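Peer 1: With the input below, show me the fold.
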Amino acid sequence: KDPSTTVRGSAGRCDVEHVYLPNAFTPNNDGSIDILRLRSSFLDELTEVEFLVYNRWGEEMFRTTNPFEGWDGTYRGEQLAPDVYGFYLRVLCPNGDELVQKGNINLLR
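Peer 2: Now for the predicted structure:
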């Protein structure tokens with residue numbers, strides 16, 4: 001084998017099966033799905049992340065570039081009402097592929 005060959009530890013592909021967001025969460029402090037987080041088997045290998053949540057009027061409720069940071073269902077320190085929120089997610093995977101997702105998140109209480 002060529003000693004200069006680099007082998008990535010992740011076998012995952014840059015697709016919605018390997019990098020995804022749940023479509024609902026319940027931020028009610030019961031210990032089950034209280035934080036909306038990005039899910040991936042190679043989360044620590046993502047080189048870029050942009051995750052935004054916005055309300056039905058397009059107002060930004062949450063934004064992060066940290067793959068480990070999630071949304072707790074609050075805006076400016078106040079709990080938001082149950083509703084459907086939009087999201088935008090862009091990640092750059094270890095293999096150099098980019099994944100962009102847009103969709104809806106259900107905030108349930």
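Peer 1: give me the low-pLDDT residue ranges for this protein?
Peer 2: Applying pLDDT under 70 to the chain flags residues 1-11.
Peer 1: Return the residues in contact with the residue most central in space within it.
Peer 2: The chain has Leu38 as the residue nearest its centroid, 2.9 Å off, counting by C-alpha atoms, centre = their mean. Residues near Leu38 by C-beta atoms under 8 Å, 6 or more residues apart in numbering: Val19, Tyr20, Leu21, Val49, Phe51, Pro67, Gly70, Leu89, Val91. Heads up, the C-betas are built off the backbone N, CA and C, glycines and all.
Peer 1: go with 7 Å
Peer 2: Contacts for Leu38 (C-beta atoms under 7 Å, 6 or more residues apart in numbering) come out as Leu21, Val49, Phe51, Pro67.
Peer 1: Same question for Phe87.
Peer 2: Leu21, Leu52, Val53, Lys102, Gly103, Ile105.
Peer 1: mind running it again at 10 Å?
Peer 2: Residues near Phe87 by C-beta atoms under 10 Å, 6 or more residues apart in numbering: 21, 23, 36, 51-54, 61-62, 71, 101-105.
Peer 1: Which of the residues you listed fall in strands?
Peer 2: Among the contacts of Phe87, the members falling in strands (DSSP state E) are Phe51, Leu52, Val53, Tyr54, Met61, Phe62, Gln101, Lys102, Gly103, Asn104, Ile105.
Peer 1: residues near the nearest residue to His18 once chain neighbours are set aside, how many?
Peer 2: Sequence neighbours aside, Gly12 is the residue nearest to His18 in space, at 3.8 Å (criterion: C-beta to C-beta, 6 or more residues apart in numbering). Neighbours of Gly12 under the rule other C-beta atoms under 10 Å: 17.
Peer 1: Then Phe51?
Peer 2: By the criterion of other C-beta under 10 Å, Phe51 has 23 neighbours.
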